[in-house]
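# output the structure for:
(chains A, B, C and D)
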There are 4 protein chains.
Amino acid sequence: MGSTVCDAVAGDPDLELVAAIDPKASGTVHGIDIAPTIEALFDTDAEVAVDFTDAAGARENLRWLAEQGIHAVVGTTGMTPEDLDEIGDWFGDGRANCILAPNFAIGAVLMMKFAAEAARWFETAEIIELHHDQKIDAPSGTAMRTAQLMEEARAADGAGEWAADPTTKVVADGARGGVAGGIHVHAVRMRGMFAHQEVILGTTGQTLILRHDTFGRDCYMPGVLLAVKQVASRPGLTVGLDALLG
Amino acid sequence: MGSTVCDAVAGDPDLELVAAIDPKASGTVHGIDIAPTIEALFDTDAEVAVDFTDAAGARENLRWLAEQGIHAVVGTTGMTPEDLDEIGDWFGDGRANCILAPNFAIGAVLMMKFAAEAARWFETAEIIELHHDQKIDAPSGTAMRTAQLMEEARAADGAGEWAADPTTKVVADGARGGVAGGIHVHAVRMRGMFAHQEVILGTTGQTLILRHDTFGRDCYMPGVLLAVKQVASRPGLTVGLDALLG
Amino acid sequence: MGSTVCDAVAGDPDLELVAAIDPKASGTVHGIDIAPTIEALFDTDAEVAVDFTDAAGARENLRWLAEQGIHAVVGTTGMTPEDLDEIGDWFGDGRANCILAPNFAIGAVLMMKFAAEAARWFETAEIIELHHDQKIDAPSGTAMRTAQLMEEARAADGAGEWAADPTTKVVADGARGGVAGGIHVHAVRMRGMFAHQEVILGTTGQTLILRHDTFGRDCYMPGVLLAVKQVASRPGLTVGLDALLG
Amino acid sequence: MGSTVCDAVAGDPDLELVAAIDPKASGTVHGIDIAPTIEALFDTDAEVAVDFTDAAGARENLRWLAEQGIHAVVGTTGMTPEDLDEIGDWFGDGRANCILAPNFAIGAVLMMKFAAEAARWFETAEIIELHHDQKIDAPSGTAMRTAQLMEEARAADGAGEWAADPTTKVVADGARGGVAGGIHVHAVRMRGMFAHQEVILGTTGQTLILRHDTFGRDCYMPGVLLAVKQVASRPGLTVGLDALLG
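From the prediction side, this is the model:
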């Protein structure tokens, strides 16, 4: 993921890649020496650091970045609510800001947003998520989260329950998938695919389909670059890419 | 269309069908005598009238409804800006309101809204509209309008031009479809289909697809019923279903 | 269904509608008096009869048609293997032929045929069937049958087992759908839809999707008309529309 | 492409990678030294060589391979009919065989085969091909070839002309795409996508969709491996992957 971020930053005319840090790698990337530790940022004019590490590493990095007054963009997953509180404190004094998002795929975030917005206008909705056949968990976290957001949006709008499931005669059961927020979430695992999700909403005489397809891990880059460009103007800690897509 | 509206109103537990008017029909619908002229509304407690006629008929009907203090919901197409001005005047005195929409398919209106909202986050977009093989015009008005809304949204957001068309070697040309708002709009005409539209937006590593499928003319009923229920609380003339989906 | 068949026959330049039979209806259809009993065929030049009744009715009708030397096209479901044996006997003496198919939708039959043919070239496959939200059984018979045909085709080709299901961490379960022939069959129930099925096959770097959409019960008519035109030249009993699509 | 083939061969339990040739590369791949010239095959037990070079290079390589009695699998494009005649001669003496295919994506070949087979049963058909936004030619060769095969299949089956284009009122024109074999071929160019094609066929009340999606150049590998395994048992020159999918 680090090298994908470096490619994206180096390829953006508005940004400059000034440092790259990887404790396990060496050599150069886009003419920049890969440094083993974050302290290498001392020697550069880095204004923004992008962190795709792990929860433990990110906590350390973020404290250090906040102390140095360097903005942070974080795609690392596994943060707890307590972590977020702490990170909010670190970036709370106005010296540096932080944007942290569990999903930097702009299309996925918009799909979730639109699905929640549309939910109240339809009586039925189901989600089909499709992933490569090495994914071991099902349904996907994004699909479960989408269903939950749709349910919450309906509740907030006073739209009531989804229409009842009509199935009274079960011919076979046990397909991959579950029910979340009253929505059937179907999980397809298919060789050749990457990551895909389709939200289907139906009412009388019509359906609305919101579908997000990803074709490689560079799908996160438009979101990362957007955050890098906006972080300086977003005081404190911002959680979730949707805050930037308002 | 009239009988479809009658079915929808009669089938809604919150509404009551009290009159049906059709100069060319007779008999009863849902136990109601079909009357030949709009004056039959005198004898009922009609609070809201639904008009799916033609531009000339609708103008006459709307003036009469405004005079009688009966709210109007209008799906008739072909109204000019001058018509709208006049209708706005008629329904401007607070006695009755009017909701007029060129498209009462909720899913189509949401698709257009979401497409405009998403446009700024993608470098490329194209529209595929698919209709039954008796449709004589191409591309469809909805597709052309969608492309225009997307272009306007990008302009308003300062998102600049769409990415340039890469095609430098044209192997064949003349497929059904055109360019609107910088967007290629492909028109498919297919036996068996009804009316469908897919907006595809792409950026690095991902695409977002917004698709609306209709399966019969009852697709307009959820939007009509929504308007019937809201018209009493929407002063004056409201144009477009999107105003009700805020 | 009867009136849909009458419309289709009357609308085909190569065919002539000469009789219509419905014990529960009266009046005329395309200028033909609707008769209450099958004996009305005595008075016409009927060469082919189309039967969409129920299993009990069809058994009686077919025996009578075979005796009279009138070809039969049968879309009635619920026939047992014993029924088929008996029908085969009735139409076995060369005086009249019978084509009986559980599914007259040409596209569905081709989808099943192609799915079976493609099965051996892919390591993974799943089926998504989508129906209107009044359907009470799930998964659909067509989807279960498709999965079974794919499994049989793989076995016949010596293609071995499908790739193992990767799911080791079940986040939620109980979505509508089951497993048939080693294939996950997902069942979507959606207001607004009619009947749809998608077979997805995947191998390294690619997927193949075979999708059939129906938009009304007239979807069976091309298959019925094909059978009506071919039945005279297909001796004895032919089961399944696929026999006509060779 | 060379390294993708090496990965695929090395990863197949039935095959062994014994040599790798690239005049512009050096180093090792899967423990094999990359050699600069084809003569390096002298020193190995190579039974089959895979050629993804260019037309000029492939001609030289194929003559040499035929002389050495080494089977060849060729994905190189740009061969003329005269080239094929010559290659057929080289591999005509029974010492070595050759399988040459312009498209090794199994799913694409099946899609084309099924589209041709289905064509006679539908009155209307259109093709939508979707590619990444760097592709400079439009429509794609695969789409044009598919349309041609469908037209030929209809002609062979005596199915007559496609239904007439209904468009009599052109609202806008000039979208990317052309007409081939009487079929409208729509070309979408979209950032984020790889290579995709959808064939849509329609008749009364129903549509059949055949769609092939690719997600990376490894999509050619199942076809290449299939050819590598079959080439020894296919005498002479075989053109087209479809011959192997019978």
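
# please enumerate the strands of chain A.
Under the criterion DSSP state E, strands of chain A are mapped to A:20-21, A:28-29, A:32-35, A:48-51, A:71-74, A:98-100, A:124-131, A:137-138, A:169-170, A:177-180, A:183-189, A:195-203, A:206-214, A:237-239.

# chain C is nearest to which of the ones you listed?
Closest approach to chain C among the strands of chain A (CB to the nearest CB): strand A:177-180, 2.5 Å. Where you see a C-beta, it was placed from the backbone N, CA and C, and this is true even at glycine.

# gap between the closest one and the chain center?
Relative to the centre of its chain, strand A:177-180 is centred 21 Å away, using CA atoms, centre = their mean, to the nearest Å.

# and what of stretch A:132-141?
On the basis of CA atoms, centre = their mean, stretch A:132-141 sits 16 Å off its chain's mean C-alpha point.

# returning to what we had before: closest one to residue D:26 among the strands of chain A?
When the strands of chain A are compared by CB to CB, strand A:28-29 sits nearest residue D:26, at 20.2 Å.

# partner strands of that closest one, parallel or antiparallel?
Sheet pairing for strand A:28-29, assigned by DSSP bridges, gives strand A:32-35 (antiparallel).

# distance to residue C:188, mean neighbour count and mean pLDDT for the strands of chain A - can I get that in TSV?
Listed next are these as TSV, based on distance: least, CB to CB, whole Å; neighbours: other CB atoms under 10 Å in any protein chain shown; pLDDT from 0 to 100:
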stretch	distance to residue C:188	mean neighbour count	mean pLDDT
strand A:20-21	46	21	96
strand A:28-29	45	14	94
strand A:32-35	48	16	94
strand A:48-51	39	23	97
strand A:71-74	36	26	98
strand A:98-100	35	27	98
strand A:124-131	5	26	98
strand A:137-138	17	21	96
strand A:169-170	15	12	97
strand A:177-180	10	22	97
strand A:183-189	7	27	98
strand A:195-203	7	25	98
strand A:206-214	10	24	98
strand A:237-239	33	20	97
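
# so which of those strands is nearest residue C:233?
strand A:169-170 (39.5 Å).

# hey, C-alpha coordinates of stretch A:118-138 in CSV?
Provided in CSV are the C-alpha atoms of stretch A:118-138 (Å, rounded to 0.1, in the frame of the first residue of the first chain):
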residue,chain,number,x,y,z
ALA,A,118,-32.7,6.5,-0.8
ALA,A,119,-33.8,3.9,1.8
ARG,A,120,-36.9,5.7,3.0
TRP,A,121,-38.4,5.8,-0.5
PHE,A,122,-38.5,2.1,-1.1
GLU,A,123,-40.3,-0.8,0.6
THR,A,124,-37.7,-3.5,-0.1
ALA,A,125,-33.9,-3.5,-0.3
GLU,A,126,-31.2,-6.1,-0.5
ILE,A,127,-27.4,-6.0,-0.8
ILE,A,128,-25.2,-8.2,-2.9
GLU,A,129,-21.5,-8.0,-2.2
LEU,A,130,-19.1,-9.8,-4.4
HIS,A,131,-15.4,-10.5,-3.6
HIS,A,132,-12.5,-12.5,-4.8
ASP,A,133,-12.5,-16.1,-3.6
GLN,A,134,-9.7,-15.7,-1.0
LYS,A,135,-11.8,-13.5,1.3
ILE,A,136,-12.5,-15.5,4.4
ASP,A,137,-15.1,-13.4,6.2
ALA,A,138,-18.7,-13.0,4.9
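
# just give me how far that stretch sits from the chain centre.
Mean-position distance between stretch A:118-138 and its chain equals 16 Å (CA atoms, centre = their mean).

# and if you look at stretch A:17-26?
Offset of stretch A:17-26 from its chain centre (CA atoms, centre = their mean): 23 Å.

# okay, helices next: where are they in chain A?
For chain A, applying DSSP state H gives helices covering A:2-10, A:55-68, A:81-90, A:106-118, A:141-156, A:221-230.

# quick one on the thing from earlier: now the strands of chain A in TSV, with distance to residue B:212?
Output for the strands of chain A, formatted as TSV (distance: least, CB to CB, whole Å):
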stretch	distance to residue B:212
strand A:20-21	45
strand A:28-29	44
strand A:32-35	47
strand A:48-51	37
strand A:71-74	35
strand A:98-100	33
strand A:124-131	15
strand A:137-138	29
strand A:169-170	31
strand A:177-180	25
strand A:183-189	20
strand A:195-203	10
strand A:206-214	6
strand A:237-239	32
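
# select, out of the ones you listed, the one closest to residue D:136.
Closest to residue D:136 of the strands of chain A is strand A:206-214 (CB to CB; 23.1 Å).

# anything in that closest one near chain B?
Yes. Applying CB under 8 Å from any CB of the partner chain, one finds strand A:206-214 in contact with chain B at A:206-214.

# residues from chain A in reach of chain B?
Going by CB under 8 Å from any CB, the residues of chain A near chain B are A:8, A:105-108, A:110-111, A:114, A:117-118, A:121-122, A:201, A:203-222, A:245.

# which ones among those also lie next to chain D?
The subset of the residues of chain A next to chain B within reach of chain D, by CB under 8 Å from any CB, is A:213, A:215-216, A:219.

# and the closest residue to residue A:223 other than its chain neighbours, how far is that from residue B:203?
Excluding the flanking residues, the one nearest residue A:223 by CB to CB, 6 or more residues apart in numbering or on different chains is residue A:104, at 3.4 Å. Distance, residue A:104 to residue B:203, by CB to CB, to the nearest Å: 12 Å.

# report the beta-bridge partners for the residue in chain A sticking out farthest from the centre.
In chain A, residue A:169 marks the outermost C-alpha relative to the chain mean, sitting 38.4 Å out by CA atoms, centre = their mean. Judged by DSSP bridges, the bridge partners of residue A:169 are residue C:137.

# residues in contact with it?
Each residue near residue A:169 by CB atoms under 8 Å, 6 or more residues apart in numbering or on different chains is listed here: C:136-138.
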